[in-house]
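In: show me how the following folds:
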Amino acid sequence: MNKKELILKVSKSTKMTQKEVNLVLTEVIEAIIETVSKGMTVRLVGFGSFALKTNKKNHLSGIKDSNKKVSNQVVKFSVGKFFKENIAIFN
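Out: All right, here's what the predicted structure looks like:
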């Protein structure tokens, strides 16, 4: 399911227009991105959590000082209990 299909599905079940649903969904996504980019975790109880994690790895070869580290930041999503349990029901 892509964003457009999700908007259509939510629009039908809520009686909101597709334009309204698109606005709400866009604002939710932007709020999650902004919050996580500041290093804070977004927890949607039952659904899951978005958090910024820093992975530290040894720098690639080509650097003589093997003590130098490179860190990269990645967004991690942890599935919530309700989500996990309901996925099992549909499988």
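
In: what's the neighbour count on G46?
Out: Look at G46: counted by other C-beta atoms under 10 Å, it has 12 neighbours. No exception for glycine: its C-beta is placed from N, CA and C like everyone else's.

In: where does the closest residue to I7 other than its chain neighbours land in three-state SS?
Out: In space, and not counting its chain neighbours, I7 is closest to V21: 4.8 Å by C-beta to C-beta, 6 or more residues apart in numbering. At V21, secondary structure determined by DSSP: H, G, I helix; E, B strand; the rest coil is helix.

In: ditto for N72
Out: N72 - assigned by three-state DSSP - is strand.

In: next SSE after the lowest-mean-pLDDT helix or strand in the chain?
Out: Using mean pLDDT, DSSP states H and E, strand 69-79 stands out as the lowest-scoring helix or strand of the chain, at a mean of 82. Where DSSP states H and E defines the elements, the next helix or strand beyond strand 69-79 is helix 81-90.

In: and that following helix, which residues are buried?
Out: Buried residues in helix 81-90, defined by neighbour count with 16 or more other C-beta atoms under 10 Å: none.

In: what are the contacting residues of that helix?
Out: Here helix 81-90 makes contact (C-beta atoms under 8 Å, 6 or more residues apart in numbering) with V45, G46, F47, G48, V79.

In: quick one, it and strand 69-79 angle?
Out: 60 degrees (axes from the mean of the first three to the mean of the last three C-alpha atoms, to 10 degrees).

In: how far does helix 81-90 sit from its chain's centre?
Out: Chain-centre distance of helix 81-90: 18 Å, with C-alpha atoms, centre = their mean, to the nearest Å.
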